[in-house]
Each structure stands twice: as structure tokens, then as C-alpha cells.
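Asks: Predicted model, plus sequence, below.
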Amino acid sequence: MGKLRVGVIGCGSIAQHRHLLEYKANNQVELVAVCDINEERANQVAEKFGAAAYTSYEELLKNAEVDVVSVCTPNYLHAPISIAALNAGVHVLCEKPMATSKQEAKAMIAAAKESGKKLMIAHNQRFVPSHQKARQLIASGEIGKIYSFRTAFGHGGPEGWSVEGKEGWFFQKEKAFVGAMGDLGVHKTDLLRYVLGEEIVEVGAFVETSAKEFADVDDNAVCVLKTESGIIGTLAASWAYVSKEDNSTIIYGEKAILRLEDDPTNSLVVQYSNGEVVNYQLGKIQSNDAGGQRTSHVINHFVDSVLHDQEPLVPGEEGMKSLEVILAALESNETKQIVRVREQ
């Protein structure tokens, strides 16, 4: 089989920092087309990566002979573009959150089924070595019963790194649909589901805009989550951590406490109840900070899934389950009630 022909739709920061660079580094693919509604940006990126430039995704799907596309657009376009690509017989890697509603997510999953093509959602937290190790330790029973957890994902906000700064779509409700909860919170719901090996069934949340006067989406959210076996914990998502990014998760079990990405040198610290401490240096989590991992493993995994016709680690169904927790959090904030996931 020849190289996979790749198109990237949306040439903002996530495309420029992640998708384009990682496709370029993968010798099993050829980057043939890029698309952005900003013509100047599309042309610049196309020139840099030796690809054809488009300003319309419909044109790209019609004229560029692509096998796979990455959808790196504002959130409200994820579903329509992914569905159009799947219907055109193209495999899709879609950025998170996969959609703005459960209906959209279901339509994406149905389109993938119908076309027989792969749909993967770019939840990169599952590929972080410390997270994978924690999942193994929990699944093996080594940590015993899990009692509680707390997880956070916060930084100074997308205006610091997104291509359009404060004017960007991240802060516009009609394009983003959700703010820090969709940008960061959905990563953490996906991580918790993956590491704990359980679904989240109930959510209570406060979702606020307190730091960005110019935004009409949330920038600070705190959620209380309960899993199917009764594990309870908190999730914080914030665009208001002004100095150092926090991407840590702590899991409290019967036999040990797991500290993930909480210590600057040891990506996983296991503190056993008998006083023993085991430190794992498994490599830094990917981030845009200097010293962070430069690869997210998402693109390589997606490419391998397509080439070997294997189910990707984060198919549409998984993306939808993580999205549903966010939708429940938004509903909880509106209604001031605890919301059951998957009944909303």
C-alpha cells in the first residue's frame, strides 16, 4: 500500500503545533492538502508543508484525492465537516470536543458506520505514559478499591497561543459552544473514564465566566463526578491559571495514592499505604511549553489504525461518552441539580 494521502481542515494552532508537524514526521503519509477559510493562512501553511491550499472543505473533499483528513476547525464545524468527509469515503481524525450535542455525535458515528471508514477523536490524554501506567495499576488490582479522585486542567487561556488571540473563535459561544469545559474539561472526563475503566454516571457543576471579560463562554468550571461503582471526585477546568499550567490527576485508592503529572520530575508517583513510594519517570506530558513532549502519539496511532484496519483507541463512541459528561455538567449548572449522564 502506498502512502496515505492526508488533508488538514482548519489551519489554526492545533493544526500547526500538532497535526501538520506530526503528519510531516510520519513517513507513512503524504500531506497533500490543507484548508482554512482564511486564504492567507491556508496559503502560508500550504507553502510551508508543500501541500495544495483550499478555502472550502467541500472543494478539498471533491478535488484533493485524500484518504484521511484531520478536522481542526472551531467546534461548531466538527460534526458537519466530519460527516461530509466520512460520506465522501474519507477516514476522519476529529479534534475534541467531537461535537456540540449528542445528536451531532450520533450522526458522526452513524456516518462512520455507514461509510466503513474510521472516525477517531483526538483525546491525547490516553496516550500519556503516566496515564497508561495508572490504568494498568488500577486494572490489575494493585491499588485496591478506588475511593476518590481529583483532576485539573488549567492554563492562562487560549488567547496566549491561538492564532487569533482574544478575537479567536474559542471565546465566541456560537462557534465554540463551550469554553474551558470543552477545551480542557472534556480531556479530563475522557482521561478519568480511561484510567478508572468506568463510566461517569452523575455530575454536579458550577460553570462560570470569571476571568475573561471579553468572552461569552465559560473560563472556570468545577464539577463533582460519580462513577458507576460509586467513586466520587472533582474535575476543575480553567483558563485562569495565570502562571504554571496544571494538568494533574490524583487517585485515592485503598492501598495507594496515585499522583499523575503532579510532580515536576516524576510523571507518576505511587504512595503506598505502608509508606513505600515508587516514582516513575515516564517522560513529560505533551504541552506547548518548552520541554513538553513534542508528539501527542494521536496522529501516529490514527495512521496505524487506518493502515492496519484496526479500531482506534478513541473511536466516535468514546468521544461521545466523554462529551456527554460535559453536556451533563452544563445542564447541572443551568438547573442547579445533579444530572444523570446519558439521560439528558
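Replies: Everything's here; your move.

Asks: Could you pull up the residues touching the residue most central in space within the chain?
Replies: For the chain, the residue nearest the mean C-alpha position is His123 (3.4 Å; C-alpha atoms, centre = their mean). Residues counted as contacts of His123 (C-beta atoms under 8 Å, 6 or more residues apart in numbering) are 96, 186-187, 190-191, 298, 314, 318-319, 322. In short, each C-beta sits where N, CA and C put it, glycine included.

Asks: so which of those residues comes closest to Ala134?
Replies: Leu191 (9.4 Å; C-beta to C-beta).

Asks: Could you look up the SS state of the closest one?
Replies: helix (DSSP: H, G, I helix; E, B strand; the rest coil).

Asks: hang on, it packs against Thr151?
Replies: Yes: using C-beta atoms under 8 Å, Leu191 is in contact with Thr151, at 6.8 Å.

Asks: Need the residues touching each of the two.
Replies: Jointly contacting Leu191 and Thr151 under the rule C-beta under 8 Å, 6+ apart are Thr249.

Asks: Buried residues, the lengthiest helix in the chain. List them.
Replies: Secondary structure of the chain per DSSP state H: the longest helix is helix 316-335. Of the residues in helix 316-335, 316, 318-333 count as buried by neighbour count, 16 or more other C-beta atoms under 10 Å.

Asks: where do the helices sit along this structure?
Replies: Counting by DSSP H, the helices of the chain are 13-14, 20-25, 39-49, 57-63, 78-87, 102-115, 129-139, 173-176, 180, 186-196, 298-307, 316-335.

Asks: Please compute how far the longest one lies from its chain's middle.
Replies: In other words, helix 316-335. Relative to its chain's centre, helix 316-335 lies at 14 Å (C-alpha atoms, centre = their mean, to the nearest Å).

Asks: So for it, mean pLDDT?
Replies: Helix 316-335 comes out with an average pLDDT of 98.

Asks: Can you tell me which helices and strands it packs against?
Replies: Packed against helix 316-335 by the contact rule (3 or more C-beta pairs under 8 Å, 6 or more residues apart in numbering; DSSP states H and E) you find helix 102-115, strand 119-121, helix 186-196, strand 200-208, strand 220-227, strand 339-340.

Asks: Asn266 is nearest to which of the helices of the chain?
Replies: So among those, helix 129-139 is nearest, using C-beta to C-beta, at 8.7 Å.

Asks: hey, which of the helices of the chain is tucked in deepest?
Replies: Highest mean neighbour count among the helices of the chain (mean count of other C-beta atoms under 10 Å): helix 180, with a mean of 30.

Asks: Pull the residues that contact it.
Replies: 154, 217-221, 237-239.

Asks: again, 6 Å this time
Replies: Helix 180 is contacted from outside by 218-219, 221, 237-239, using C-beta atoms under 6 Å, 6 or more residues apart in numbering.

Asks: now stretch 134-146
Replies: Contacts for stretch 134-146 (C-beta under 6 Å, 6+ apart): 195, 197, 231, 253-256, 258, 260.

Asks: Out of the residues you listed, which comes closest to Ser115?
Replies: For the contacts of stretch 134-146, the nearest to Ser115 is Gly197 (30.0 Å; C-beta to C-beta).

Asks: about what we covered before: which one, of the helices of the chain, ends up nearest to Val277?
Replies: helix 129-139 (13.9 Å).

Asks: Excluding covalently adjacent residues, which one is nearest to Ser210?
Replies: Using C-beta to C-beta, 6 or more residues apart in numbering and skipping the chain neighbours, the partner closest in space to Ser210 is Asn220 (5.2 Å).

Asks: for that neighbour, what are its contacts?
Replies: Residues near Asn220 by C-beta under 6 Å, 6+ apart: 208, 210, 238, 240.

Asks: switch to 7 Å and redo it
Replies: Contact analysis of Asn220 by C-beta atoms under 7 Å, 6 or more residues apart in numbering lists 180, 208, 210-211, 238, 240.

Asks: One more: Val71?
Replies: Val71 touches 9-10, 78, 81-82, 92, 94-95, counting by C-beta under 7 Å, 6+ apart.

Asks: With Leu258 instead?
Replies: Counting by C-beta under 7 Å, 6+ apart, Leu258 has contacts 134, 137, 143, 250-251, 268, 270.
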